[in-house]
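Undergrad: give me the fold of what follows.
(one chain, ligands or ions: 1)
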Amino acid sequence: VRAMLVLGTRPEAIKLAPVARAMATGSQFEPVVVTTGQHREMLQQMLDLLRVDVRIALDVMRSRQQLSDLTARLVRELGEVLRAQRPDLVVVQGDTTTALAGALAAFYEKIPVAHVEAGLRTGVLDNPFPEELNRCLISRIARWHFAPTPAAARHLTDEGVAEEQVFTTGNTVIDNLLWVLAEGTGSSAFRTGGRRILVTLHRRENQGERMRGMGRALTRLAARGDVEIVLPLHKSPAVRDALLPELDGHDGISLVEPLGYLDFAATLAECDLVLTDSGGVQEEAPSLSKPALVLRTTTERPEAVEAGAARLIGTDPESIVTWANRLLDDPVEYRAMAGAGNPFGDGMATARILAQLAEDFAADVPVGLT
Ligand code: UDP
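TA: So this is what the prediction gives:
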């Protein structure tokens, strides 16, 4: 069975890597990896996690390209690839424009779609933009919906997706994180023995003045003198424009280039506290018992917040400083968050996904579009 994995961004590579690896080692599936180039630079450093060669590399980014141009180009080019390759299924992950275009192009070619990390919702159609709409639309197209948590599965059935097509598997990010830590070859970006804060910021809704305010909050935390802040700077120019002027050369703050996943995992494993607006990092932090302060006003991953492992604190600098100080100074509060557990899975998501696909491809009933 030929399974085309379509990916374009760093988190897609991270979360589809265990699927590609498992398909390539003794399964009935032949993984055919297509990259779109949506976030070329940060994807590139993740590709060796796949342990599978990229079969087709598209190059869809143009300068000052509008989202509508990107989507149209992706659908057209992926359509051509699908007609040439004729895979038996297409696997997309998450909520990027690449994932939506992959699902739509597969629909046009009447090829069934498996959606990994299905059913996440903020309930606000333009937040995050355009990801929330992307995920809703992919759910209209997919044949298999692999939901990371029971709550995500419930969103899908509430929206009318047939229960037989929704499978709660856990999140493949945990599979990958555990695999990478077992490999044990990464090195932490922290350099001193102080309290360690790992920060990642990139969301479109946070860019501009809001992100500058977050930068100023970090300088106030660094002024405590007993913390080391490591911030791998996203490649997005908007992120760099907001954060570099506030933070470059600041004592106690190390701005580093995006870390390869082995090094990122090692850095996360060594930190005391995480400040992030990233989706994936919100899932990874609780699985390593690291309290996470989520610098957003909505989250499509409320499970960690509900479990007490993460806190949605918004984007106001005052709130960032207050909450970070509280966790650094109050061991009871810290232990409560660190010990709250990980709601995102047990590292077996990929095995469940492959078992379900194998069962359906082995069955007499045609796999079908819906
Ligand atoms: N990550 C990484 N290196 C870094 C920063 C993040 O490998 O320097 C990983 C992180 O472990 C997580 C993923 O990138 O799995 C998150 O990607 P990002 O924040 O870009 O996207 P999101 O998860 O918000 O969609």
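Undergrad: stretch 332-344 close to the ligand?
TA: No: against the ligand, stretch 332-344 shows no contacts by C-beta under 6 Å from any ligand atom, the least distance being 11.5 Å. To be clear about C-beta, it is placed using only N, CA and C from the backbone, and glycine gets the same treatment.
Undergrad: quick one: residue 241 from the ligand, how far?
TA: Separation of residue 241 from the ligand (C-beta to the nearest ligand atom, to the nearest Å): 17 Å.
Undergrad: work out for me the element residue 211 sits within.
TA: helix 209-222 (DSSP states H and E).
Undergrad: what's the lengthiest helix in the chain packed up against?
TA: For the chain, the helix with the greatest residue count under DSSP state H is helix 67-85. Contacts defined by 3 or more C-beta pairs under 8 Å, 6 or more residues apart in numbering; DSSP states H and E place helix 67-85 against strand 2-7, strand 30-35, strand 54-57, helix 97-108.
Undergrad: same thing but at 6 Å, please
TA: If contacts are counted by 3 or more C-beta pairs under 6 Å, 6 or more residues apart in numbering; DSSP states H and E, helix 67-85 sits against helix 97-108.
Undergrad: pLDDT on the helix holding residue 211, on average?
TA: Averaged over helix 209-222, pLDDT sits at 97.
Undergrad: that one: how far from the chain's middle?
TA: Mean-position distance between helix 209-222 and its chain equals 24 Å (C-alpha atoms, centre = their mean, to the nearest Å).
Undergrad: ok, and what's touching the helix or strand following it?
TA: Using DSSP H and E, the helix or strand that directly follows helix 209-222 along the chain is strand 227-232. Under the contact criterion C-beta atoms under 6 Å, 6 or more residues apart in numbering, strand 227-232 has outside partners 189-190, 192, 194-199, 218, 221-222, 253-256, 258-259.
Undergrad: which among the residues you listed count as buried?
TA: Neighbour counting with 16 or more other C-beta atoms under 10 Å marks 189-190, 194-199, 218, 221-222, 253, 255, 258-259 as buried within the contacts of strand 227-232.
Undergrad: helices and strands around the worst-scoring helix or strand of the chain on mean pLDDT, which ones?
TA: Each helix and strand of the chain was given a mean pLDDT (mean pLDDT, DSSP states H and E); the minimum falls on helix 40-44 at a mean of 90. Packing partners of helix 40-44 (3+ C-beta pairs under 6 Å, 6+ apart): helix 10-24.
Undergrad: if we can go back for a sec, run the angle between the helix holding residue 211 and strand 227-232 for me.
TA: 150 degrees (axes from the mean of the first three to the mean of the last three C-alpha atoms, to 10 degrees).
Undergrad: buried sites along the least confident helix or strand of the chain?
TA: Buried residues in helix 40-44, counting neighbours by 16+ other C-beta under 10 Å, are found at 40, 42-43.
Undergrad: what do you get for stretch 48-64?
TA: Applying a neighbour-count criterion of 16+ other C-beta under 10 Å, one finds 49-50, 52, 54, 56, 58, 60 buried in stretch 48-64.
Undergrad: for the ligand, what's its nearest residue on the stretch 101-250 of the chain.
TA: Nearest residue of the stretch 101-250 of the chain to the ligand, counting by C-beta to the nearest ligand atom: residue 232, 3.2 Å away.
Undergrad: can you tell me how far that residue sits from residue 37?
TA: Here residue 232 is placed at a distance of 21 Å from residue 37 (C-beta to C-beta, to the nearest Å).
Undergrad: these two: who's more crowded?
TA: Set residue 232 next to residue 37 and count neighbours by other C-beta atoms under 10 Å: residue 232 wins out with 21 against 18.
Undergrad: so in terms of bridging, what pairs with the more buried one?
TA: Residue 232 forms beta bridges with residue 256, as assigned by DSSP bridges.
Undergrad: pLDDT score assigned to the residue lying closest to residue 223 once chain neighbours are set aside?
TA: Among residues not flanking residue 223 along the chain, residue 252 sits closest, at 7.6 Å (C-beta to C-beta, 6 or more residues apart in numbering). With respect to pLDDT, residue 252 has a value of 96.
Undergrad: my read: residue 252 touches residue 221, true?
TA: No: judged on C-beta atoms under 6 Å, residue 252 makes no contact with residue 221 at a distance of 8.1 Å.
Undergrad: quick check: residues of the chain near the ligand?
TA: By C-beta under 6 Å from any ligand atom, the part of the chain that sits against the ligand consists of 10-11, 14, 173, 200, 202, 232, 258-259, 261, 264, 278-281, 284.
Undergrad: in helices only, show me those.
TA: Counted as lying in helices by DSSP H, out of the residues of the chain next to the ligand, are 10-11, 14, 173, 261, 264, 279-281, 284.
Undergrad: if we can go back for a sec, nearest to the ligand among the buried residues of helix 40-44?
TA: Among the buried residues of helix 40-44, and counting by C-beta to the nearest ligand atom, the member closest to the ligand is residue 42, at 6.8 Å.
Undergrad: now that closest one: how far from residue 10?
TA: With C-beta to C-beta as the criterion, residue 42 and residue 10 are 4 Å apart.
Undergrad: before we move on, what about residue 108?
TA: Counting by C-beta to C-beta, the gap from residue 108 to residue 10 is 27 Å.
Undergrad: of these two, who's got more company?
TA: Legend: neighbour count by other C-beta under 10 Å for residue 108 and residue 10, higher for residue 10 (24 against 13).
Undergrad: residue 40 is in contact with that one, correct?
TA: No: using C-beta under 6 Å, residue 10 is not in contact with residue 40; the gap is 10.2 Å.
Undergrad: which SS class is residue 161?
TA: coil (DSSP: H, G, I helix; E, B strand; the rest coil).
Undergrad: residue contacts, it?
TA: Taking C-beta under 6 Å, 6+ apart, we find residue 161 in contact with residue 145.
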